[in-house]
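**Q** Requesting a structural model of the entry that follows:
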Amino acid sequence: MKKLLFIFILFLPVYVFAGTYDDMAKELISKIPAKDKTKVLAVMPFSADKEFSSEAGLATEEMTKALINAGATVSERSQIDKILKEQELQQVGLLTNQDAGEVGQGLGAKYVILGSVTKIDKFGEQGNIGLKINVKLVVSANYKVLAASSIDVAAGDASSRYKRKEPRKAAEYPQFLEVFGGPTFLKYSGKYDDNKVKDERHTGFSAGARYIHESKGFFTSGWEFLFSTRKFDEDTTYKRFEVYQLSWIPTIRIPLWAYFDSLPDYTSLSFAYAFGLGIDRMKYIDNNETKYSRGFGVCSSPIIGLKIGLSDSVAFFVDGRYFPHRLNNFLRYPGNNIDVKEDTIGPAAYFGISLMP
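**A** The predicted model follows:
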């Protein structure tokens, strides 16, 4: 199970962001009638301003690869270049629908792909250049446009099929609403006057929700509600221990996506510490009667987390945390002047989803 989880986390970014060119290729092919799915396609050289001629060439190659990966039969590049040269259309940027259609007819291609690469300003950021890549599917016989698609990418992204669908964001985080759950492995100890109760580490379950503030840079904070529960192991008196806690969580986040271009937006590594107050509830048996006792105390835990962006509004994350002995204590007075002190200690693992505006 652990190996499967590791493999899933390792390859999730590649699976989710398997390329803007792949997306466009699938979109165009889906518009081709079923009877023509096996017909030959010809990808014309993408047009661009002189400044981005090399990006246009790379985009042409990536689009060709994406179409082949999608199952299309694509004309050889050398044959296309040969006909373009014969018809004196070899200069990038001079092809019309009719020009491309006639080239396609000469190649025996039922359809041709025309594309262009143009400069855009990414979110109004000065000097932050982006590219818009437009493609269209043209019928060779009548020069009509059957389908069209477009994407925005960072200027350096034209060469890779593993890129996000819009220009890279700055290292800024929106607010997050997160829900999560997972197993706990907590050890319980309690002191009832002079009577001590201990239960070794036993598997339980925990679930919660947290709100993380919008922030820039490395530092942020948020609020968390957490519920934890676990049974006692083969005990005839003590049955279940539950904790409800509300915590403030100061956090340091490292925006991995800002340092590694291949990672999706909002992929980050975080280090946090939860400081909170909690209410515990003990379920126990007294003279064959089920009873409950409640207490109040402090809760805390250090947290290490990894978040992987899935889209512009959703991210997946995993958290590992540890509940230390001295900072997870509860006090209660169930009556008869019996002073009760309890604490928990141990690790927990959480898996969750982050929702963004």
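**Q** pLDDT below threshold where in the chain?
**A** 1-19, 88-94, 121-129, 153-171, 193-194, 333-339, 357 (pLDDT under 70).
**Q** which parts of the longest helix along it are buried?
**A** Using DSSP state H to define each element, the chain has its longest helix at helix 53-69. For helix 53-69, a neighbour-count test (16 or more other C-beta atoms under 10 Å) marks 53, 55-67 as buried. Where C-beta positions appear, they are placed from N, C-alpha and C, glycine not excepted.
**Q** same thing with stretch 41-53?
**A** With burial defined by 16+ other C-beta under 10 Å, the residues of stretch 41-53 counted as buried are 41-48, 52-53.
**Q** next one: stretch 179-194
**A** Under 16+ other C-beta under 10 Å, the buried positions of stretch 179-194 are 180, 182, 184-188, 190.
**Q** Also stretch 203-223?
**A** Residues 204, 206, 208, 210, 212, 215, 220, 222 are the ones in stretch 203-223 that count as buried (16+ other C-beta under 10 Å).
**Q** Show me the residues you listed that map onto strands.
**A** Cross-referencing those against strands under DSSP state E gives 204, 206, 208, 210, 212, 215, 220, 222.
**Q** so Val298 touches Pro324, yeah?
**A** No - checked against C-beta atoms under 8 Å, the pair Val298 and Pro324 is beyond contact range at 10.9 Å.
**Q** Looking at the two, which is more packed in?
**A** Val298 (17 against 13; other C-beta atoms under 10 Å).
**Q** Could you measure from that one over to Asp81?
**A** For Val298, the distance to Asp81 under the criterion C-beta to C-beta, to the nearest Å works out to 73 Å.
**Q** can you put the buried residues of stretch 41-53 in CSV and add secondary structure?
**A** Below are the buried residues of stretch 41-53 laid out as CSV (DSSP: H, G, I helix; E, B strand; the rest coil):
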residue, secondary structure
Leu41, strand
Ala42, strand
Val43, strand
Met44, coil
Pro45, coil
Phe46, coil
Ser47, strand
Ala48, strand
Phe52, helix
Ser53, helix
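**Q** Tell me the one of those residues nearest Leu146?
**A** Comparing the buried residues of stretch 41-53 against Leu146 with C-beta to C-beta places Leu41 closest, at 11.3 Å.
**Q** List the beta-bridge partners for the closest one.
**A** Counting by DSSP bridges, Leu41 is bridged to Val74, Tyr111.
**Q** Isn't it up against Gly108?
**A** No - contact status for Leu41 versus Gly108: not in contact, 11.0 Å apart, counting by C-beta under 8 Å.
**Q** ok, the closest residue to Glu200 other than its chain neighbours to Phe275 distance?
**A** Of all residues beyond its chain neighbours, the one nearest Glu200 is Lys187 (5.9 Å), with distances taken as C-beta to C-beta, 6 or more residues apart in numbering. With distances defined as C-beta to C-beta, the gap from Lys187 to Phe275 amounts to 21 Å.
**Q** can you give me how far the lengthiest strand in the chain is from the chain middle?
**A** In the chain, taking DSSP E as the definition, the longest strand is strand 289-309. Remark: strand 289-309 is offset 26 Å from the chain centroid, using C-alpha atoms, centre = their mean, to the nearest Å.
**Q** so how far does stretch 30-47 reach from one end to the other?
**A** By C-alpha to C-alpha, to the nearest Å, the extent of stretch 30-47 from end to end equals 24 Å.
**Q** Which helix or strand contains the nearest residue to Asn142 once chain neighbours are set aside?
**A** Nearest non-adjacent residue to Asn142, counting by C-beta to C-beta, 6+ apart: Gly101, 7.4 Å away. With elements taken from DSSP states H and E, the one containing Gly101 is helix 97-107.
**Q** Count the residues that sit near Ile83.
**A** Ile83: 18 surrounding residues under other C-beta under 10 Å.
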